[in-house]
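**Student:** Build me a model:
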Amino acid sequence: MFSFFSKKRNLPVTLVTDMHSHLIPGIDDGVKTPQEAFDVIDQLLELGYQKFVTTPHIMTDYFGNTAESVRIAHERFLPLLREKNYTMPFDCAAEYYLDDTVIAAVARKEPLLTFGGKYLLFETNVISEPLQLKEFIFSITLQGYKPVLAHPERYQYMTLEKAEDLRNRGVLLQLNLLSLIGHYGPPIQRLAEKLIAKGWVDLLGTDCHNLDHTRLLRAVTRTSAYRKAMELPLLNNHLLA
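**Tutor:** Residues are numbered from 1 along each chain as shown. Okay, here's the model as predicted:
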């Protein structure tokens with residue numbers, strides 16, 4: 001199940017669960033066909049993952065997904081996985097974009113798609129901090145959700161001070177693995193490394209959209225930042241059940 005960097009440190013090289021990906025064919029900007037999904041899953045299994053929580057975008061102006069449509073797409077895809085003899089858990093949540101639609105859904109107390117006991121993955125626009133961000137966090141926390149901010153290192157408005165404030169408000173931070181090799185640019189890589197150094201990373205996600213992403217993941221595991229991140233009490237390895 002695990003290999004180790006050294007007997008002394010006893011650290012797993014691979015993560016048990018990936019909780020951020022786009023592996024349901026044809027419903028967002030992730031994989032387009034079942035075969036592409038199978039190819040990506042094969043690569044992730046080779047990297048040591050044992051469970052997947054795929055998280056299609058719910059972003060009204062772009063994909064038109066709803067919690068119900070994502071559930072239906074997930075249910076339709078599961079038999080295709082079983083036909084190909086995949087036996088690993090393949091669950092579904094969502095990556096919610098913080099817009100008026102999700103804010104209205106929260107106000108109506110509509111059930112939202114979550115993973116691992118009401119963990120709610122959400123993202124914001126990349127440029128400016130949303131005016132509703134803190135109110136949104138308060139509202140979903142009040143309803144029993146555990147907010148998880150997707151890839152905080154990718155937001156231009158993010159600083160260490162803002163990240164600390166979010167954590168103090170109960171927000172968990174999920175880092176994208178590809179940030180650690182500069183896939184999204186050097187400034188994003190530097191912030192990712194700083195968040196790891198502070199110990200403020202709670203989850204690691206592949207945010208895998210295609211086969212090219214899986215090929216890049218192999219380089220991530222060779223970085224010192226990845227090794228440091230694996231020393232943190234990451235929640236990924238508690239999400240197998």
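
**Student:** What are the boundaries of the helices in this protein?
**Tutor:** 34-46, 67-83, 100-107, 133-142, 160-168, 186-198, 211-220, 224-229 (DSSP state H).

**Student:** Switch those helices over to TSV; also include mean neighbour count, distance to residue 90 and mean pLDDT.
**Tutor:** (Each C-beta comes from the backbone N, C-alpha and C, glycine too.) Converted to TSV, the helices of the chain look like this (neighbours: other C-beta atoms under 10 Å; distance: least, C-beta to C-beta, whole Å; pLDDT from 0 to 100):
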stretch	mean neighbour count	distance to residue 90	mean pLDDT
helix 34-46	18	8	97
helix 67-83	14	6	98
helix 100-107	15	24	96
helix 133-142	16	25	98
helix 160-168	14	30	98
helix 186-198	18	27	98
helix 211-220	16	16	95
helix 224-229	17	24	96
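
**Student:** Now tabulate these in a markdown table and tack on distance to residue 114.
**Tutor:** Output for those, formatted as a markdown table (distance: least, C-beta to C-beta, whole Å):
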| stretch | distance to residue 114 |
| --- | --- |
| helix 34-46 | 21 |
| helix 67-83 | 10 |
| helix 100-107 | 13 |
| helix 133-142 | 10 |
| helix 160-168 | 18 |
| helix 186-198 | 23 |
| helix 211-220 | 24 |
| helix 224-229 | 23 |
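
**Student:** between these, which one is nearest to residue 113?
**Tutor:** For the helices of the chain, distance to residue 113 was read as C-beta to C-beta. The smallest value, 5.0 Å, belongs to helix 67-83.

**Student:** just how off-centre is stretch 44-53 within its chain?
**Tutor:** Distance of stretch 44-53 from the chain centroid (C-alpha atoms, centre = their mean, to the nearest Å) equals 14 Å.

**Student:** how far does that stretch stretch from start to finish?
**Tutor:** Using C-alpha to C-alpha, to the nearest Å, the end-to-end distance of stretch 44-53 comes to 12 Å.

**Student:** Which residues does that stretch contact?
**Tutor:** 1-2, 13-21, 23, 41, 88-93, 115-116, 206, 208, 214, 217-218, 221, 239-240 (C-beta atoms under 8 Å, 6 or more residues apart in numbering).

**Student:** Now the buried members of these.
**Tutor:** Using 16 or more other C-beta atoms under 10 Å as the burial test, the contacts of stretch 44-53 include 14-21, 23, 41, 90-93, 115-116, 206, 208, 214, 217, 221, 239 as buried.

**Student:** Now, those that are in strands?
**Tutor:** 17, 18, 90, 91, 92 (DSSP state E).

**Student:** and which of the residues you listed is nearest residue 64?
**Tutor:** Distances from residue 64 to these, taken by C-beta to C-beta, are shortest for residue 92, at 16.9 Å.

**Student:** which residues does residue 95 contact?
**Tutor:** 20, 22, 55, 56, 57, 58, 121, 122, 123, 150.

**Student:** can you rerun that using 7 Å?
**Tutor:** Taking C-beta atoms under 7 Å, 6 or more residues apart in numbering, we find residue 95 in contact with 20, 55, 56, 57, 58, 121, 123, 150.
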